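Asks: generate coordinates for the sequence data below:
(one chain, ligands or ions: 2)
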Amino acid sequence: MAVAGNLGFPRIGAGRELKRATEAYWKGELGEDALLAVGRELRLRHWGLQRDAGLGAIPSNDFSFYDQVLDMACVVGAVPERFGWEGGPVPLATAFAMARGVSGPTRGAGGEVRPGTEAGVAPSGVPAMEMTKWFDTNYHYIVPELHRGQRFELASKKPVDEFREAREAGFDTRPVLIGPVSLLLLGKARGGAFDRLSLLDTLLPVYQQLLAELREAGAAWVQVDEPFLALDPPPEGSLHDAYRRAYAALREAAGNLKLLVATYFEGLRENLETALALPVNGLHLDLVRAPEQLDQVLAHGVPEGLTLSLGVVDGRNVWRTDLAAALEPMERARKALGSHRLQVAPSCSLLHVPVDLSLETALDPELKGWLAFARQKLDEVAVLARALNEGRDAVRTALEASRSQVEARRSSARRENPQVQARLVSLTSEQARRRSPHTERRSAQQARLGLPPFPTTTIGSFPQTGGIRRLRARLRRGELDEAAYETAIKAEIERVVRLQEGLGLDVLVHGEPERNDMVEYFGEQLEGFAFTEHGWVQSYGSRYVKPPIIYGDVWRPAPMTVRWITYAQSLTDRPVKGMLTGPVTILQWSFVRDDQPRSETCRQIALAIRDEVLDLEAAGIGVIQIDEPAFREGLPLRRADWAGYLRWASESFRLATAGVRDETQIHTHMCYSEFNDIIDAIAGLDADVISIEASRSGMELLDAFVAFRYPNEIGPGVYDIHSPRVPGREEMEHLLRRAAQVLDPAQLWVNPDCGLKTRSYDEVTPSLRNLVAAARVLREEV
Ligand code: GLN
Ligand code: ZN
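Replies: Ligands and ions are numbered 1, 2, ... in the order given. Below you'll find the predicted structure:
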């Protein structure tokens, strides 16, 4: 019998219970026991949901109060010294301190570590551990800190405790662990580089002990996640040998406990042999991202005693599964192995999709019929397993319902806009290229704008005060009419323009007071986008996002930003910079339709942005910025796939921007980026000016531009906006001098690292004053 399984369920709760509870706990409004009770309530609820859906393999230890990698670091006792942990179970407050840092005095009166208040900001406290993106998702994990000679111990027994808790409540679960090899590769070497895998031998005994305890507690299976098995090999060590050693050790300790190794987000490719040779009982394959690997695995031959877990329901997207199509590869696998050696599952943990579609009461029924969130995906998995076991006839109704939905979606008029499609077909390469090379454009822009050397500007947003947020909320609730809202926003724009004039900035912005979120704002005004009420997905800790859903052809029915930008421009003689979000970022931060290539959807968004760019230009705006902070994060997980992505991503940016005249200056902005390995693609965007985050790295991020002899203009951030600290003039002057040493001073712009919306005016105003002063000092010298 094929078992219906799951790799992980969203932990946040359908009503975002986890967020409310953890935040209340951090504020001191909820005690630890009450917080623990909320966690327990959520776990029990989710186990119940999965059992009711008919799942045979239900995960435990997929719950976390913050992050599963942080939890695993606590399990193995990888707690950095600065958090003052002295062995034994890691207290919840310590785990939160690791995630969020501790501000102010590190210890309370009783000597206990105090939970932090603001992540990473701990001038006199303890800095948080780093956080980074979980593969190519928008989930962020806490990066374990590893140092040479590190010791591990079984410190927290969360996986065992949660298994027991489930068992007592009548659920036989399959605990989820992050595998030893992946845990080390997720970590970061501290105190000098070294081969992280050299820690394997000291780490493995802890895993052995953990497996022994799980076995004693009565677990039959354990899911061990090794996502790195589906990635390019890291530069260090011998990976094959590491997996071999690790799983020999795990096998030895597991006894009759069965191990399922889970891979996801990519295919095994060159690691196929290694994966199939592991002494384990199950192997999970992501057949949504890498469907081709099933036949490769079957052709290779599946060792006797190895069960395959077929990840056929998309755990990364919100579309309803085409059940008949999903069954085809499953039936091939059944033919080769028999159903008793198969499991059916989502492609990866359901952490990356919203909890429950049935909560969406405002979505229209047609669109709703195309979607499936975590709960609905459980039902799909159960139906597919049943079809495998009992034949298609046993689930005929479900198959028919699925087929009619698939057909309805395929033939729905609302998905299509023939004009958009025709426009895409007739695209020419000229449309994605500026008319003249940058040197010529530069003189035309200089003649028009007349900017001084080291021109100053900001990245777009100004502080989003409570007053601004309330304005937007009141408009949404209908408490404020359009006219009153418009007047209030215009007043805010005027204030921000006057402030910038007073500070002496050269290229001004309108401050983005009308925007909630840089993708949502545009999505709401574009066709082809839908928004949910409850479609929250965890981004990190208690931060959740509600990505828009791109379901159809994208186009722009009307100008989106022109009235605000032209209003700002009407107030001043200085140039005001139009501010747009780029096509790649809009794509990257949405749930994207799966019925056409992502590149196609990206081009459609690009055309919509192009229309906006041209309208801004026609309205007299001479400087236009198209933000692409997610350009780098769109890179595929496998390097072999990079070139293909970079080609269409860069073409989309150029399509959005290249329609303007030479004298119109195009800016772009990117943050949280490394540029070394994509610098040619960045140069290929041919933006007149790029601003990047650089201050925290002491301008190190500029190296890539220097080595490449980057030809266009560049504004390396000199003001770290992630910190409340006000940088002094000398400090920024120093950073600018460093930049001016390695690049032509004529290329340089002076700006902060990113938008200012999360900061307050008492931080921003003096910081910008110092920034302008620093630019003036350098200006004097040329
Ligand atoms: N223009 C945006 C802002 O200033 C850019 C945000 C970003 O790069 N993430 O807020
Ligand atoms: Zn930014």
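
Asks: what residues does the chain have near ligand 2?
Replies: Residues of the chain lying close to ligand 2 (C-beta under 5 Å from the ion) are Pro629, Cys671, Cys754. Heads up, the C-betas are built off the backbone N, CA and C, glycines and all.

Asks: next, count neighbours for the nearest residue to Glu270 once chain neighbours are set aside.
Replies: Using C-beta to C-beta, 6 or more residues apart in numbering and skipping the chain neighbours, the partner closest in space to Glu270 is Pro233 (7.7 Å). By other C-beta atoms under 10 Å, the residues close to Pro233 number 14.

Asks: also Glu390?
Replies: Residues lying near Glu390 (other C-beta under 10 Å) number 12.

Asks: pLDDT wise, what is it at?
Replies: For Glu390, the pLDDT comes out at 97.

Asks: going forward, count from 27.
Replies: With the count now opening at 27, the last piece we talked about shows up as Glu416.

Asks: backbone phi and psi for it, please?
Replies: Backbone torsions of Glu416, given as degrees, to the nearest 10, read phi -110, psi 0.

Asks: what does Thr483 give?
Replies: The phi/psi pair for Thr483 (degrees, to the nearest 10) is phi -160, psi 180.

Asks: and the residue nearest to it when sequence neighbours are not counted, what does it touch?
Replies: Spatial nearest neighbour of Thr483, chain neighbours left out: Val533 (4.0 Å); criterion: C-beta to C-beta, 6+ apart. For Val533, the contact set (C-beta atoms under 8 Å, 6 or more residues apart in numbering) comprises Leu475, Leu477, Pro481, Thr482, Thr483, Arg600, Pro601, Val602, Lys603, Val649.

Asks: circling back to that earlier point, mind checking how far the residue nearest to Glu296 is from ligand 2?
Replies: For Pro259, the distance to ligand 2 (C-beta to the ion, to the nearest Å) stands at 32 Å.

Asks: give me the contacts around the helix or strand of the chain with the lowest mean pLDDT.
Replies: Within the chain, no helix or strand scores below strand 157-159, which has a mean of 91 by mean pLDDT, DSSP states H and E. Strand 157-159 is contacted from outside by Ala125, Ala145, Tyr165, His166, Tyr167, Ile168, Val169, Tyr566, Glu659, using C-beta under 8 Å, 6+ apart.

Asks: how about the contacts made by the fifth one?
Replies: The reference is to Tyr167. Tyr167 neighbours (C-beta under 8 Å, 6+ apart): Asp93, Gln94, Val95, Leu96, Met157, Thr158, Lys159, Trp160, Leu212, Tyr566.

Asks: am I right that it sits in a strand?
Replies: Yes. Applying DSSP: H, G, I helix; E, B strand; the rest coil, one finds Tyr167 inside a strand.

Asks: quickly list what it is bridged to.
Replies: Tyr167 has these beta-bridge partners by DSSP bridges: Thr158.

Asks: just the pLDDT at it, thanks.
Replies: pLDDT, the model's per-residue confidence, is 97 for Tyr167.

Asks: flag every residue of this structure that's near ligand 1.
Replies: Selection of the chain residues close to ligand 1 by C-beta under 6 Å from any ligand atom yields 485-487, 538, 544, 605, 653, 655, 695, 697, 780-781, 783.

Asks: next, the residue in the stretch 27-176 of the chain that ligand 1 sits nearest to: secondary structure please.
Replies: Nearest to ligand 1 in the stretch 27-176 of the chain, going by C-beta to the nearest ligand atom, is Asn164, at a distance of 12.9 Å. Three-state call for Asn164 (three-state DSSP): coil.

Asks: part of a helix, is Tyr736?
Replies: No. If the criterion is three-state DSSP, then Tyr736 is coil and not within a helix.

Asks: check contacts around it.
Replies: Neighbours of Tyr736 in contact, by C-beta under 8 Å, 6+ apart: Ile705, Ile708, Ala709, Leu769, Gln773.

Asks: top of those by number of neighbours, please.
Replies: Ile708 (27 neighbours).

Asks: can you pull the phi/psi pair for the closest residue to ligand 2 within the stretch 627-776 of the chain?
Replies: Nearest to ligand 2, among the residues of the stretch 627-776 of the chain, is Cys697, at 3.1 Å (C-beta to the ion). The phi/psi pair for Cys697 (degrees, to the nearest 10) reads phi -130, psi -180.

Asks: burial measure for it, as a count.
Replies: 20.

Asks: parallel or antiparallel, which strands does the helix or strand that Val338 is a member of pair with?
Replies: Under the criterion of DSSP states H and E, Val338 resides in strand 333-339. Applying DSSP bridges, strand 333-339 is found paired with strand 308-312 (parallel), strand 368-372 (parallel).

Asks: look up how far Tyr566 lies from the residue nearest to the spatial centre of the chain.
Replies: Closest to where the C-alpha atoms of the chain average out (C-alpha atoms, centre = their mean) is Asn164, at 1.6 Å. Plainly put, Asn164 is 9 Å away from Tyr566 if you go by C-beta to C-beta, to the nearest Å.

Asks: residues near the nearest residue to Pro372 once chain neighbours are set aside, how many?
Replies: Distances taken as C-beta to C-beta, 6+ apart place Gly341 nearest to Pro372, at 3.9 Å, with adjacent residues excluded. Close neighbours of Gly341, defined as other C-beta under 10 Å, add up to 25.

Asks: with Thr690 instead?
Replies: Count around Thr690 with other C-beta under 10 Å applied: 23.

Asks: give me the pLDDT value at it.
Replies: For Thr690, the model assigns a pLDDT of 98.

Asks: now the residue lying closest to it once chain neighbours are set aside: which helix or strand?
Replies: The shortest distance from Thr690 to any non-neighbouring residue, by C-beta to C-beta, 6+ apart, is to Glu643 (5.1 Å). Taking DSSP H and E as the criterion, Glu643 maps to helix 624-644.

Asks: show me what that helix is packed up against.
Replies: Packed against helix 624-644, as judged by 3 or more C-beta pairs under 8 Å, 6 or more residues apart in numbering; DSSP states H and E, are the following elements: helix 444-451, strand 575-581, helix 588-596, strand 603-607, helix 609-614, strand 649-653, helix 668-683.
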